[in-house]
Each structure stands twice: as structure tokens, then as C-alpha cells.
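Q: This is a predicted model, with the sequence first.
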Amino acid sequence: MIIRQDNVYKRYFDAFLLIFTLFAALEVPLHLALQYPAPPWIRVINLLYPIIFTFDIITSFFTTIMIDGEEVTSKKRIAIHYLRSWFIVDLIAATPFDLIFADGWLSEASNAARSLRLFSPRYIQILLLVRMLRIYHIFPFLEKTRKKELFNPGLVRLFFTIFVVLIIAHWVACGWMALGKKDPNLDFFTNYVKALYWCITTITTIGYGDITPSTNAQTIYTMFVQLTGAGMYGYIIGNLASMLANSDLARTQFRAKMEKIQTFMQYRDVPGDLQDSIRTYYDYL
């Protein structure tokens, strides 16, 4: 059985998968940083991750792919392409490490099991960060959206840039919290807001200095964010300026043409009334 990319059920599943992937990209690093007790509904979602991601791995072996503009339907080529690309990442993301190493899941009678239990729960949670990498699934989805005539390509690109910036800011803020000392007098939300505030001021090179590192690891992390953040901020500003300028390409080209016409009419000393008539004519084209 071969599943085509434009299959309506496949599109629904991809949209459903994107929701879970986005939630994982937000919740997993946040939980690792703050170590808050997960409410029941998050535990249910954590139980669904392995099931949904495993099903996605299976369907990926039977879903057509595009190579050089051609839709590939050969199962062998599809499998080889997937195994060489994101299979390992998807497999690790689908593995429920938190459940495998949970108390009671491993036999007490096995020496191997006992040795595995020596793993710190924090290290096991770090393995779950691989689930964040599944966010790559969002990129093909946005690319397909950009190509649809219903959406302005410039606006889709703008949304994509803002989305990536917010995700990176969230990850950087979580890293800051994980490496620092948390204020016991502040609640979960306040700690996160302060970390996000530090991230934005650091990446945008403002750096008020009202929030400073509390550990050596956090200091090194801050230097790394400052060095990379300066380049990233310049890229973001340049990219946004370019997208806003070209968000309506047809209108931009029309303005450029009208400026040329206006310059030509002034050079030829065209009467004012005739200039108005010509501009009105082009406005109604």
C-alpha cells in the first residue's frame, strides 16, 4: 500500500501530528528546566507520544516523497530515503524513555535492569529533548501552505520567521532556567517570564543587566547566547524588513513603475492636468 502526499486522511494526520510536535517542543524543555509536577492531562499526552510517533514512523515508510520535483512511489526508494534522513531522530523521539526507566517497569531480578536504574531521571529526561527535533515536520507543512494561492507568500514567510524566533526564545529561556538557581519565593510562571525577559533582552543586544547569571554554567551560557544572539538578531531584522517591503510584490512593482512615469513626465514638462489623467488611468488598470 502506498500513501500519496495529497491524501486527505494523511493531511489530517499530519495536522494532528504537528499539534503534538509543537506541544512537545514547548513542554519538554520547560519541564526539564523547572521540574514541576506534571498534571494528569500532560501525563496522558506523554503516554500518547510513543503511540502517535510510532504510527508516524510506520506511515513514513509508505508515504510518497518528492525528489527533484518527481513523486517517488517505490517503497524501496522511500524506505532508503527515510532511513538516511530522519528515521533515527523519529525512533529516539518515539521511545518512551521516561516509562522504560520508571520504577516498577524493570525487573528487580535482573542485574542489567539494576544497572540501568542507576541512570539519573534528569539524564533520562534529556533524552526526551530529541522530541523537540521533530519540529522539522512543520517546515514542509509551511512550505506547502506558502505555495497555496489562498495565502500571501510574504505573509506566510513572515509568520514562519516569527514562529521560529518564538520557539528559539522559549528554548533559550528554558536553558537559562535549567542552568541557574531558581528563586524559591517565585512561582513557576514568574520564573519563566523572567527567563524569557532575559532571553529577549540578551538576543536583541539590549541587555539591561538587571538579571545576571547565578552559576558558572549560566555565565558561560550567557556568553554563548550573546555571541550567537547578535548575529541572529541582525539576520531577523534584515529578514523582517525584506519581507515587509515585499509583502505585496505587485504593489511594490506598481509603485516603482509609477515613479518612473512621474520622472519621465516631469522631464518632458507634461502639463499638470495631463499628468493627473495619466496617473488616474494607471490607477484604474
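A: The structure has been received and is ready for your questions.
Q: My guess is Gln226 contacts Thr202. True?
A: Yes. Applying C-beta atoms under 8 Å as the test, Gln226 and Thr202 come out as touching, 6.0 Å apart. For the C-beta atoms, the positions are set from N, CA and C on the backbone; glycine is no exception.
Q: Check what pLDDT the residue positioned nearest the centre of the chain gets.
A: Central residue of the chain (C-alpha atoms, centre = their mean): Val164, 4.7 Å from the mean position. As predicted, Val164 sits at a pLDDT of 84.
Q: same question, Thr145
A: 63.
Q: just the strands in this protein please.
A: Using DSSP state E, the strands of the chain run over 65-67, 70-72.
Q: Mean neighbour count for these - can I get that in JSON lines?
A: Below are these laid out as JSON lines (neighbours: other C-beta atoms under 10 Å):
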{"stretch": "strand 65-67", "mean neighbour count": "12"}
{"stretch": "strand 70-72", "mean neighbour count": "11"}
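Q: what's near enough to touch Asp183?
A: Asn191 (C-beta atoms under 8 Å, 6 or more residues apart in numbering).
Q: Chain neighbours aside, what residue packs nearest to Ala79?
A: Phe61 (5.3 Å; C-beta to C-beta, 6 or more residues apart in numbering).
Q: So which of Gln226 and Thr202 has more stuff around it?
A: Neighbour count, other C-beta atoms under 10 Å: between Gln226 and Thr202, Thr202 has more, with 22 against 13.
Q: Make sure the more buried one is actually in contact with Val225.
A: Yes. Using C-beta under 8 Å, Thr202 makes contact with Val225 at a distance of 5.3 Å.
Q: joint contacts of the two?
A: Listed as contacting both Thr202 and Val225 by C-beta under 8 Å, 6+ apart are Val172.
Q: in the stretch 51-200 of the chain, what spans have low per-residue confidence?
A: Across the stretch 51-200 of the chain, the ranges flagged by pLDDT under 70 are 101-125, 142-154.
Q: switch the cut-off to 50
A: Along the stretch 51-200 of the chain, the model assigns pLDDT under 50 to residues 104-111, 113-114, 117-118.
Q: Tell me where it has helices.
A: Counting by DSSP state H, counting those that start in this stretch, the segments of the stretch 51-200 of the chain that form helices are 75-84, 87-94, 97-100, 111-116, 121-127, 138-147, 153-179, 188-203.
Q: can you tell which of those is closest to Tyr281?
A: For Tyr281, the closest of these is helix 153-179, at 27.8 Å, according to C-beta to C-beta.
Q: buried set for that closest one?
A: 153-154, 156-160, 165, 167-179 (16 or more other C-beta atoms under 10 Å).
Q: That helix - contacts with which helices or strands?
A: helix 8-34, helix 138-147, helix 188-203, helix 216-245 (3 or more C-beta pairs under 8 Å, 6 or more residues apart in numbering; DSSP states H and E).
Q: Lowest average pLDDT across those?
A: Least confidently modelled of these is helix 138-147, at a mean of 67 by mean pLDDT.
Q: what's the domain layout of this structure?
A: 1-150, 152-247, 249-283 (automatic domain parsing).
Q: Just to check, Val72 is in contact with Met66?
A: Yes. Val72 lies in contact with Met66 (C-beta under 8 Å); the separation is 7.3 Å.
Q: Common neighbours of the two, please.
A: What both Val72 and Met66 touch, as defined by C-beta under 8 Å, 6+ apart, is an empty set.
Q: if we can go back for a sec, adding distance to Ile2, write the helices of the stretch 51-200 of the chain out as CSV.
A: Shown next, in CSV, are the helices of the stretch 51-200 of the chain (distance: least, C-beta to C-beta, whole Å):
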stretch, distance to Ile2
helix 75-84, 7
helix 87-94, 18
helix 97-100, 33
helix 111-116, 40
helix 121-127, 33
helix 138-147, 18
helix 153-179, 29
helix 188-203, 44
